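Mind folding the following:
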Amino acid sequence: MKKEIIRPNENQVFYSESDVNYDDLKKICSQKTLKENYPLSESVVNNVVVYDAKNFTSFIGNSEKENRLKTEFFNILEGGPGVFIIRNLYEDSVIEQSNTIFEAIIQKEIDNTNDHFASSIDGTNTRIWNSFQKVAMESADAFINYYSNDILKLVAESWCGPNTQMTAQVNIVRPGGEMQKPHRDYHLGFKENKVIEQFPISVHRLSNYLTLQGGIAHTDMPIESGPTMVMPYSQQYGLGYLAWRDNEFMNFFNKNAVQNQMNKGDGIFFNPALFHAAGSNTTNDFHRIGNLLQISSAFGKTMERIDYIKIINHIYPFLLEHLDKKTLSEKLVENVLICATDGYAFPTNLDYDTSSNSKLQGMSMFELTKQSLLDSLSLEEFSLKLSELQHIRFSD
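Numbering: from 1, shown residues only. Okay, here's the model as predicted:
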């Protein structure tokens, strides 16, 4: 693992824009990615590690192999280039099913033009905020097929650990759509420099460990359509949250960022502190569709509010039917539950939510839902138990 480079003053805790050193950033970003350091990968393209999901069929359910793969992902994200691509992460049928739902949602939200990083006024950029919850409510089947993915679960756990919190936003860049502003992401990436300067350097380091960024290609993404531009190794620069708004950085990014073409069903994942931006769509007739995933640690706060009660009450009967008919394994159902429920037992009301002798915390929504499914409880029985749990946790 490469140690981050900040400034030689080890006693300094608070930093400002004037401390940014582009010589340090250039040195960090001059590193080269060697395939031999990532033996499970298929190749290295433009300094980005590339995998093929088809190679990992035998890994699923084998804890030793899964940990090897998760360790390799982690090493890329922390001390390596900070970004990797997984080819064939999704089958075409799953992608097309979701695309149909996306189009239905877009028609309902035809007047919504809100975007934070790219122009949407001219109609070249379309967002579906909280596509995660909206897809669940439109089609439980599409949601289950998408988030039962075994490899996606391993990717999430490699950086954020178990019981991650998933959010998603669809981004459609139409012909003529311009490049995003290069940036770092949530948490500190969403704050102005005058606010960032108030946080000690420990929080700068912590911020990138709380989330993992990802994107699933819902169409092919040739270079001219503008797939994600990334600057490998830039997540290692400790003052990066203070750097990306000035012109010198913009010039450096434009000269050094790389792009890799994506095929429909491929996924790209990167450390949120990696400098990145969606590229320009210079085609005349190609609409680039990506589902942007933000995977958060159970210990953090998600960027978007997810109504887990609404989601799980809607999809619970479908999961129950899958288990009853054995059309999905318990493991795949659990993959869905990790995404569709709150897996953390806190915050709670400790006056009422008492632990057993063997546990230091009460039951989480994930645990309750999983047990209810295994016990074949009806939706009505499950909803009652869930309401009781919520009452205990959030009582005044």
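
Strands of the chain, residue ranges please.
For the chain, the strands defined by DSSP state E cover 43-45, 48-52, 83-87, 125-128, 165-173, 211-217, 229-230, 258-259, 267-270, 276-277, 288-296.

which stretch in these has the least confidence?
Mean pLDDT is lowest for strand 125-128 among the strands of the chain, at a mean of 91.

In a markdown table: the strands of the chain, plus distance to Thr354.
All C-beta atoms are positioned from the backbone trio N, CA, C, and that covers glycine. Putting these into a markdown table (distance: least, C-beta to C-beta, whole Å) gives the following:
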| stretch | distance to Thr354 |
| --- | --- |
| strand 43-45 | 52 |
| strand 48-52 | 45 |
| strand 83-87 | 43 |
| strand 125-128 | 41 |
| strand 165-173 | 25 |
| strand 211-217 | 32 |
| strand 229-230 | 48 |
| strand 258-259 | 53 |
| strand 267-270 | 39 |
| strand 276-277 | 45 |
| strand 288-296 | 28 |
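
closest to Asp185 out of the ones you listed?
Of all the strands of the chain, strand 211-217 sits nearest to Asp185, with 5.5 Å by C-beta to C-beta.

got the angle for the closest one vs strand 288-296?
Here strand 211-217 points in a direction 160 degrees away from that of strand 288-296 (axes from the mean of the first three to the mean of the last three C-alpha atoms, to 10 degrees).

then strand 211-217 to CSV, C-alphas only?
Taking C-alpha atoms only, strand 211-217 is exported to CSV below (Å, rounded to 0.1, in the frame of the first residue of the first chain):
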residue,chain,number,x,y,z
THR,A,211,-18.7,4.9,0.7
LEU,A,212,-17.9,3.1,-2.5
GLN,A,213,-18.9,4.5,-5.9
GLY,A,214,-20.0,2.3,-8.8
GLY,A,215,-21.6,2.5,-12.2
ILE,A,216,-23.4,-0.2,-14.2
ALA,A,217,-23.5,0.2,-18.0
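
change the start of the numbering to 529 and stick with it
Yep, numbering from 529; the last one is strand 739-745 now.

Name the strands paired with it and say parallel or antiparallel.
Using DSSP bridges, the strands paired with strand 739-745 are strand 795-798 (antiparallel), strand 816-824 (antiparallel).

wait, what's in contact with Ala710?
Slight slip there: residue 710 is Pro, not Ala. 757, 759, 772, 777-778, 781, 785, 803-805 (C-beta atoms under 8 Å, 6 or more residues apart in numbering).

Sorry, wrong one. I was asking about Leu568.
So Leu568 contacts 579, 583, 596-597, 600 (C-beta under 8 Å, 6+ apart).

Which one (most neighbours) among these?
The most neighbours of any of these, using other C-beta atoms under 10 Å, belong to Tyr579, which has 27 neighbours.

before we move on, the earlier item: the contacts of Pro710 into JSON lines, with extra columns for neighbour count and distance to His732?
Supplementary listing: these in JSON lines, determined by neighbours: other C-beta atoms under 10 Å; distance: C-beta to C-beta, whole Å:
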{"residue": "Met757", "neighbour count": "21", "distance to His732": "23"}
{"residue": "Met759", "neighbour count": "29", "distance to His732": "17"}
{"residue": "Trp772", "neighbour count": "21", "distance to His732": "13"}
{"residue": "Phe777", "neighbour count": "20", "distance to His732": "16"}
{"residue": "Met778", "neighbour count": "13", "distance to His732": "21"}
{"residue": "Phe781", "neighbour count": "23", "distance to His732": "19"}
{"residue": "Ala785", "neighbour count": "21", "distance to His732": "22"}
{"residue": "Phe803", "neighbour count": "29", "distance to His732": "14"}
{"residue": "His804", "neighbour count": "27", "distance to His732": "17"}
{"residue": "Ala805", "neighbour count": "22", "distance to His732": "20"}
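
Nearest to Ile839, out of the residues you listed: which one, please.
The closest of the contacts of Pro710, once distances to Ile839 are taken by C-beta to C-beta, is His804, at 28.6 Å.

tell me the phi and psi of the residue nearest to Asp678 when sequence neighbours are not counted?
Excluding the flanking residues, the one nearest Asp678 by C-beta to C-beta, 6 or more residues apart in numbering is Ile588, at 4.8 Å. Note on Ile588: backbone dihedrals following degrees, to the nearest 10 are phi -70, psi 130.

what about Ile588, how many neighbours?
15.

Return the residues in contact with Gln918.
Counting by C-beta under 8 Å, 6+ apart, Gln918 has contacts Ile837.

measure it to Leu865 for me?
Separation of Gln918 from Leu865 (C-beta to C-beta, to the nearest Å): 17 Å.

Now do the helices in the stretch 629-778 of the chain.
659-666, 668-675, 678-688, 721-724, 729-735, 775-784 (DSSP state H, counting those that start in this stretch).

Show me what the longest one is packed up against.
The reference is to helix 678-688. helix 591-607, strand 739-745, strand 795-798, strand 816-824, helix 858-868 (3 or more C-beta pairs under 8 Å, 6 or more residues apart in numbering; DSSP states H and E).

Likewise for the fourth one?
Helix 721-724 is packed against no helix or strand, with contacts defined by 3+ C-beta pairs under 8 Å, 6+ apart.

Could you find the closest non-adjacent residue to the residue nearest the centre of the chain?
The centroid of the chain falls nearest to Gln822 when counting by C-alpha atoms, centre = their mean (2.8 Å). Closest residue to Gln822 apart from its sequence neighbours, by C-beta to C-beta, 6+ apart: Thr695 at 4.8 Å.

and stretch 702-720, average pLDDT?
Averaging pLDDT along stretch 702-720 yields 94.

Could you work out the end-to-end span of it for me?
By C-alpha to C-alpha, to the nearest Å, the extent of stretch 702-720 from end to end equals 29 Å.

Quick one: distance of it to the chain centre.
Chain-centre distance of stretch 702-720: 15 Å, with C-alpha atoms, centre = their mean, to the nearest Å.

try stretch 915-924
Distance, centroid of stretch 915-924 to centroid of chain: 29 Å (C-alpha atoms, centre = their mean).
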